[in-house]
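S.K.: Structure for the following, please:
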Amino acid sequence: MSIATPDRSPHDRGNDEGADQHWSQAISDPSSRADPKPHGRPGRDADLVRAAGQLTRDLNRPRPAIYWADLIASCLIGYGALLAACLPGLLELRLAGGLVAVLALYRAVSFIHELTHLKPTAVPGFRTGWNLLVGAPLLAPSFMYEGVHALHHARTRYGTDEDPEYLPLARLRPLTLAVFFVASALAPVVLLLRFAVLAPLSAVIPPLRREVVARASALAINPAFRRPAPQGAFRRSWLRWETATSVWAVGLIASVATGLIPLTAFVAFLGVTSCVTVLNQARTLAAHLWESEGEPVSVTEQYLDSVNVPPPGLLPALWAPVGLRYHALHHLLPGLPYHALGEAHRRLAAALPQGSAYHDAHHPGLGVLIGRLAATSARSGGSRAA
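M.R.: The predicted model follows:
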């Protein structure tokens, strides 16, 4: 499975305040997009962020009732449908249950992105609740993303070799895109082995532990990323949820091995979770244009390399849930909770003319975005090695 620029707290759901009059000028001036260096126009970028914050500053308070209701509903629907997919019965009903389970559990999993941006006290108990309901059972505890996604938002790291969530896919060979999908389909099996086998072994083999932490403890797409060892309170949280997920993974394998869980149900579980990771990978490929050349970029260029898929389309609510359809807007205002992004978009879209840079980050849909990426990759001929 992203928090602001480096001078902000990684869990700060807040926005800078500024003057409305700077917004239209800052974001609609095409010259603000031409400077690839992060310090080329620091004042203009600061004006852009402050002005956007001015228009949305009343939206930055997370609403716990929405978070909890959304998560619980997604889990009830998702696990209920998963049960229907696992039980014997008509193939059509099992497939329908599997489809509903994929969409609902994908939505539940997507809250991991929100967790990386929430102050611990903003939605009381939500981090613990999410890990119990989703993170541990689906083998993706929150520590796999917390502390990783923040680097993707850092202005000096976005799009560079130090960004764990970025690769210049538009300039890599088209085969790379196919590898991405294959790897995502196998992710549930890899995660199961990571927590059921590597986690217990690494607890007693220090060299293995160092490798597991560095190479197998981050939901990242940059293969060069190496995660540092956790420290302090985060280390304690990491160990707590790693242990819980490991116990669940070992128990799951043991239950299948002893016949307590039928093999067909286990295969259905892996199939649903595999579809969830493939869908998320497709969404990831459509989250950016992936055209960074590896140098730090300005706020405006980071925004324009990211993607909004706003209404009236309805499908993005399924493949980019929990506010992810406004990914470019999120990069501009990472402090906004997911439930406020729709209103923020409506305000900014109404306040700015169609020729402004704000509208340049809007795209029509998943198929068009992935098709564009594949075409750009094919034209580049793999100008950069993976």
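
S.K.: what's the neighbour count on Q354?
M.R.: 9 (other Cβ atoms under 10 Å). Where C-beta positions appear, they are placed from N, C-alpha and C, glycine not excepted.

S.K.: Give me the three-state assignment for it.
M.R.: coil (DSSP: H, G, I helix; E, B strand; the rest coil).

S.K.: What distance do you get for it to P168?
M.R.: 30 Å (Cβ to Cβ, to the nearest Å).

S.K.: now V102
M.R.: 30 Å.

S.K.: Now that S217 has come up, it's in contact with S142, right?
M.R.: No - S217 is beyond contact range of S142, at 11.8 Å (criterion: Cβ atoms under 8 Å).

S.K.: pLDDT value on A187, please?
M.R.: Note on A187: pLDDT of 96.

S.K.: wait, is it part of a helix?
M.R.: Yes - A187: assigned to a helix according to three-state DSSP.

S.K.: List the contacts of the closest residue to it other than its chain neighbours.
M.R.: Closest residue to A187 in three dimensions, ignoring its sequence neighbours and counting by Cβ to Cβ, 6 or more residues apart in numbering: T277, at 4.3 Å. By Cβ atoms under 8 Å, 6 or more residues apart in numbering, T277 lies in contact with 184-185, 187-188.

S.K.: 10 Å instead?
M.R.: Applying Cβ atoms under 10 Å, 6 or more residues apart in numbering, one finds that T277 lies in contact with 1, 102, 106, 109, 138, 140, 181, 183-188, 190-191, 219.

S.K.: What residues of the helix or strand hosting L191 count as buried?
M.R.: L191 is part of helix 174-193 when elements are defined by DSSP states H and E. Neighbour counts over helix 174-193 (16 or more other Cβ atoms under 10 Å) mark 174, 176-177, 180, 184, 187-188, 191-192 as buried.

S.K.: And the pLDDT at E165?
M.R.: At E165, pLDDT is 96.

S.K.: tell me the SS of it?
M.R.: Going by three-state DSSP: E165 is coil.

S.K.: Nearest spatial neighbour of it, chain-adjacent residues omitted?
M.R.: Per Cβ to Cβ, 6+ apart, closest to E165 is H152, 4.1 Å.

S.K.: chain center to the helix or strand where that neighbour lies: distance?
M.R.: Counting by DSSP H and E, the element that carries H152 is helix 149-153. With Cα atoms, centre = their mean, to the nearest Å as the basis, helix 149-153 stands 10 Å off its chain's centre.

S.K.: A150 and A229, how far apart?
M.R.: For A150 relative to A229 (Cβ to Cβ), the value is 17 Å.

S.K.: These two - which one has more neighbours?
M.R.: A150 (22 against 11).

S.K.: So for that one, what's the pLDDT?
M.R.: Predicted confidence (pLDDT) for A150: 92.

S.K.: wait, isn't it in contact with Y158?
M.R.: No - the pair A150 / Y158 is not scored as a contact, 11.2 Å apart, by Cβ atoms under 10 Å.

S.K.: For the residue nearest to A187, pull up the helix or strand it's in.
M.R.: Counting by DSSP H and E, T277 is part of helix 263-285.

S.K.: Name the residues of that helix that are buried.
M.R.: Quick answer for helix 263-285 (16+ other Cβ under 10 Å): 265-266, 268-269, 271-285.

S.K.: doesn't A349 make contact with S356?
M.R.: Yes - S356 is in contact with A349 according to Cβ under 10 Å; the separation is 9.4 Å.

S.K.: in the helix or strand hosting P207, what's buried?
M.R.: Assigned by DSSP H and E, P207 belongs to helix 206-215. Using 16+ other Cβ under 10 Å as the burial criterion, the residues of helix 206-215 that qualify are 209, 212-213.

S.K.: Not counting its own residues, what contacts it?
M.R.: By Cβ under 10 Å, 6+ apart, the residues outside helix 206-215 that reach it are 194, 198-199, 201-203, 205, 217, 223, 225-230, 238, 242.
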